[in-house]
Structures are given as C-alpha cells and as structure tokens.
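[1] from the sequence below, what's the structure:
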Amino acid sequence: MTLRFSVLASGSTGNAFYIESNEQKILVDAGLSGKQMDYLFSEVNVDPSTLSGILVTHEHSDHIKGLGIIARKYNLPIYANEKTWKAMEKSLGKLSVDQKFHFGMEEMKTFKDMEIESFGVSHDAAEPMFYTFRHEGKKIALVTDLGYVSERIKKTVEDADAYIFEANHDVGMLRMGRYPWSVKRRILGDSGHVSNEDCGLALTDIISNRTKRIYLAHLSLDNNMKDLARMSVKNVLQERGIDIELHDTDPKIPTALYEVG
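    Predicted structure coming up:
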C-alpha cells in the first residue's frame, strides 16, 4: 500500500480529511460533532482509536468542532501552529499536556513513513495552513480555505498525484445571493475563499501527467452546486487542453477510500 485517503466531510458546515500509509493514520481537522466523526469513520471502515494523530489547519469551527471531543475520547495527539493553538485552545476543553504538539508554518515533519509539509494560506484566521503528504514517491495536496492561490503555494503543491482543492462558490450565485454585502466581500476577498473559476485556473498551473485525481472541496451550500462546480472547473481546464476526471466531496458523506498507486 502507498497512500490511501478519504475526504470524510467537506463544505461550509464541517470539514475532515483522513489519510493513511503503511505505518500512519492521520486525521486533518475535525469540524463535525464527535458522534458525526465516529459515523464518518465507520463509513470508511477506520477505527478512530488507531489514529496516529490529528493535524489542524485553522481554528474556524467548521474545522475544529469535534476536535477536543475526539482527541479526548481516543487520547490522540493534536498538531497545530502556535497562533492556531492560542486561537482555538478555549474551544477545545481540557486536554493533557502530552496531547499538545507544535507544527510550524512552512515546516516539514516526518511521521514514520509519511512526510508532511505545511504551507501558509491567505484566510481570515490566526495563522491558517494546509498540508502536502508524501510517501514512497507519491504526493497528495490538501488546499482549501484560501482567498487566492499564490505562486508560492503553487510551487509547494505542484505535480501531486491527487488534489483536494477548494471550489467554494460560483461568483454569480454569490453576488446575487442572500448574504449581506460584508459577508460577500469577505468571501470574494484575498482572505476569503476560492471560486470555481479560480480553482480551475490554479489547477491549470499545478497539475501534471502524474495527477490522477482531483476532488472539488469546501463547496458553499448557498452559493454553489456540485454539478456547477464540476462544469465550471472542467470548462477552464478543457480550454487549456486538460482533460481529467473531477470528483465531488460532500458535507455529510465521505468519499470512498482511494489508494494512490
């Protein structure tokens, strides 16, 4: 086995990502209730008590809602950067000292047979960061919750075998929707979320011949639809001569475990 992963949940209501190698089982974020997290793990036949640890991207509730509960229940270590720890600590409840670990921005850590690299993103949180995962020459990139995709990020995540990439909103739907202008401005801004079209444009710059899977993630419930996201991103890619299958994610239904072979 090389790397296997499932997008357990993705969307504006809750996010969780699971990835495993031969020796490691890693959860990124736990943005749903403890009960929902247990259900999601059962759907992909993973026992959460066997997890090696939990990585945190940032302190927004759709990423940490069940974090304290699941960490306590299964006595799991949590990894986050210093500013994220400060921002989220009160929300997590009581944790023992030996459950709290530091994972810095722009850092590479080795977890037995898996190498994990963090990279900063532009989002309205304390110090948000996401991750790439490497094992035996395979690479997976998790990229959501960012206002724009910088050249530095593109360099970090390029040439991956699989992407979980944000396609948060359709700009037209957002502009015409019910949100107050202040919220629309936040989402459209440089520290908000990536639109369908910008997702396609970014993917154009980073995918390569080795890229086999792209999952469109963190879709807004109010300002996007799965079919629309897929069509919009596909159109941008096809205009640039790229034909690759796009996969949906869901806020309540995990994707099947996929092995990057």
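
[2] Three-state assignment for the residue nearest to the spatial centre of the chain, please.
    Residue closest to the average C-alpha location in the chain (CA atoms, centre = their mean): Leu142, at 4.7 Å. For Leu142, the secondary-structure state derived from DSSP: H, G, I helix; E, B strand; the rest coil is strand.

[3] same thing with Gln238?
    Local secondary structure at Gln238 is given as helix here, using three-state DSSP.

[4] now do it, the pLDDT please.
    What the model reports as pLDDT for Gln238 is 97.

[5] could you check which helix or strand contains Leu131?
    I think there's a mix-up here, since residue 131 is Tyr and not Leu. With elements taken from DSSP states H and E, the one containing Tyr131 is strand 129-135.

[6] cool, and Leu8?
    Assigned by DSSP H and E, Leu8 belongs to strand 3-9.

[7] ok, which stretches of this structure are helices?
    According to DSSP state H, the chain carries its helices in the segments 34-43, 61-64, 67-73, 82-92, 151-157, 171-176, 181-188, 196-206, 226-239.

[8] okay, these in TSV with mean neighbour count and distance to Ala256 next?
    Quick note: C-beta positions are derived from backbone N, CA and C, even for glycine. Compiled in TSV, those are given as follows (neighbours: other CB atoms under 10 Å; distance: least, CB to CB, whole Å):
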stretch	mean neighbour count	distance to Ala256
helix 34-43	18	9
helix 61-64	21	22
helix 67-73	21	22
helix 82-92	16	30
helix 151-157	16	23
helix 171-176	15	29
helix 181-188	14	30
helix 196-206	22	22
helix 226-239	17	16
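
[9] quick one: closest of those helices to Gln24.
    Closest to Gln24 of the helices of the chain, according to CB to CB: helix 34-43, at 15.7 Å.

[10] low-confidence ranges, the stretch 51-200 of the chain, go.
    Applying pLDDT under 70 to the stretch 51-200 of the chain flags no residue at all.

[11] in contact with the nearest residue to Phe101 once chain neighbours are set aside: list those residues for me.
    Counting by CB to CB, 6 or more residues apart in numbering, the nearest residue to Phe101 once its immediate chain neighbours are dropped is Tyr79, at 4.6 Å. Under the criterion of CB atoms under 8 Å, 6 or more residues apart in numbering, the contact list for Tyr79 reads 53-56, 101-103, 109.

[12] returning to what we had before: can you check what angle separates the strand holding Tyr131 from helix 82-92?
    Our comparison of strand 129-135 with helix 82-92, counting by axes from the mean of the first three to the mean of the last three CA atoms, to 10 degrees, yields an angle of 100 degrees.

[13] partner strands of strand 129-135, parallel or antiparallel?
    strand 114-120 (antiparallel), strand 138-143 (antiparallel) (DSSP bridges).

[14] what angle sits between that strand and strand 3-9?
    Using the same axes, to 10 degrees: strand 129-135 against strand 3-9 is 150 degrees.

[15] and the contacts of strand 129-135?
    With contact meaning CB under 8 Å, 6+ apart, strand 129-135 is reached by 2-3, 5, 19, 21, 26, 28, 55, 57-58, 81, 84, 105-106, 113-121, 139-146, 156-157, 160.

[16] buried among the residues you listed? Need that as a selection in PyMOL.
    Those of those that count as buried under 16 or more other CB atoms under 10 Å are selected in PyMOL with:
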select buried, resi 3+5+19+21+26+28+55+57+58+81+84+114+116+117+118+119+120+121+139+140+141+142+143+144+145+146+156+157+160
